[in-house]
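Student: Structure of the sequence below:
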Amino acid sequence: MFLNKRIEVYFQPIISIKDKKIFAVEALVRGFDKNNSVITPNILFSEAKEKNIVDKLDNYIRTKAIEKFKIYYEQNNNLLLFLNFESSVIEKSKNQDFNLQFL
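Tutor: Predicted structure coming up:
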């Protein structure tokens, strides 16, 4: 597992008040240690920063989210995915095209 942790992606539904239905989901990440205790994203990214692998962790999580989202999208291709990026990864690529490595 990444950083010796189990990393899971969950989807938070985003509901249209007008239509009273889910129109999108936001990808959320949680890590779990060997005792199955929750590790928050802040801690995951702090550890990744210490090891200088933030961009790898960020890409890994985004890839996992998109792979999981495909199942929902195949059932409803109007569904949107809200996907967060680690800002330092975007900052790194300021002088070049921001490349989504998972596409």
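
Student: Spit out the contact partners of Leu32.
Tutor: One thing to correct before we go on: residue 32 is Phe, not Leu. With contact taken as CB atoms under 8 Å, 6 or more residues apart in numbering, Phe32 is in contact with Lys5, Arg6, Ile7, Glu8, Val38, Ile39. Just so you know, the C-beta spots here come from the backbone N, C-alpha and C atoms, and that holds for glycine as well.

Student: These in strands, which ones?
Tutor: Within the contacts of Phe32, residues falling in strands by DSSP state E are Arg6, Ile7, Glu8, Val38, Ile39.

Student: Quick check on those: which are buried?
Tutor: Neighbour counting by 16 or more other CB atoms under 10 Å classes Ile7, Ile39 among these as buried.

Student: Return the member of the ones in strands among the contacts of Phe32 nearest to Lys70.
Tutor: Taking CB to CB as the measure, Lys70 lies nearest Glu8 of the ones in strands among the contacts of Phe32, at 16.3 Å.

Student: wait, Asp33 sits on Lys5?
Tutor: Yes - with the criterion set as CB atoms under 8 Å, Asp33 and Lys5 qualify as a contacting pair; they are 6.1 Å apart.

Student: tell me, what's touching the two both at once?
Tutor: Shared contacts of Asp33 and Lys5 (CB under 8 Å, 6+ apart): Ile39.

Student: Do you have the helices of this protein handy? List them.
Tutor: 41-50, 54-75, 87-92 (DSSP state H).

Student: Poorly predicted segments of this protein, please.
Tutor: Scanning the chain for pLDDT under 70 picks out the ranges 1-4, 87-103.
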